[in-house]
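[1] A predicted structure for the sequence below; I have some questions about it.
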Amino acid sequence: MIIAVTNRKLARHSFLEQIQRVIQEKPDGIILREKDLAEQQYKELAKVVMKLCENASIPCILHNYWKVAIELGADSIHLPLTVLLNGIPVEKFKQIGASVHSIEEAKLAEQAGATYLIAGHIFATDCKKGIPPRGIEFFQNLCGQVSVPVFGIGGMTLEKEEIIMRANGVGICMMSEFMKI
């Protein structure tokens, strides 16, 4: 599985044009992760992106603003671990993802109701310049400690999907690669 993760600041084109380009690549889902937007700005953008995704039959996973997700009828949300741990109405969502950076965080997220995890950063990436990657051994160990599906993020390319799958992951999340097409 390949999930696209958005970042307007990396987009080579207008953001909505970039979303259209991503949709043409047919990812298995798109996480609308625009964490610098205020809640109302995010909501307005989410309405448009959700419609584009719906028209292309690609799941749109909203990020962080779970109240907006409920209001817009989204059934999937991806959350920073701190937001998940503060308590959300998990019964409102079919899928709840959480970003984790350690085995301890992964266990906490699973206990708090996460149905999938994104673990990273696995490989070197410009998004985390100067921060050493956690590596494939970390990723494989983390996958073995939880019962929910785990995606790898950080320095991902299509060629690295197989490495992640061999390490018991379910797929990859790509940001830079999708925002630069």
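    Now that the structure is in, tell me what you want to look at.
[2] Surely G97 forms part of a strand?
    Yes: per DSSP: H, G, I helix; E, B strand; the rest coil, G97 lies within a strand segment.
[3] residues contacting the residue most central in space within the chain?
    Of all residues in the chain, the one closest to the mean position by C-alpha atoms, centre = their mean is I31, 5.0 Å from it. If you count contacts by C-beta atoms under 8 Å, 6 or more residues apart in numbering, I31 has them with 3-6, 61-63, 78, 97, 173. Glycine gets a C-beta too; all of them are placed from N, C-alpha and C.
[4] What helix or strand is the residue lying farthest from the centre of the chain located in?
    The outermost residue of the chain, judged against the average C-alpha position, is G130 (22.0 Å), by C-alpha atoms, centre = their mean. Counting by DSSP states H and E, there is no helix or strand that carries G130.
[5] separation between it and V5?
    Using C-beta to C-beta, to the nearest Å, we find G130 at a distance of 21 Å from V5.
[6] just checking, what packs against the helix ranked longest in the chain?
    Longest helix in the chain by number of residues, with DSSP state H as the criterion: helix 39-55. Contacts defined by 3 or more C-beta pairs under 8 Å, 6 or more residues apart in numbering; DSSP states H and E place helix 39-55 against helix 15-24, strand 29-32, strand 60-63, helix 66-72.
[7] let's go with 6 Å and repeat that
    Counting by 3 or more C-beta pairs under 6 Å, 6 or more residues apart in numbering; DSSP states H and E, the packing neighbours recorded for helix 39-55 are strand 29-32, strand 60-63.
[8] Distance from the chain centre to that helix, please.
    When C-alpha coordinates are averaged (C-alpha atoms, centre = their mean, to the nearest Å), helix 39-55 and its chain have centres 16 Å apart.
[9] That's all I had, so thanks and see you.
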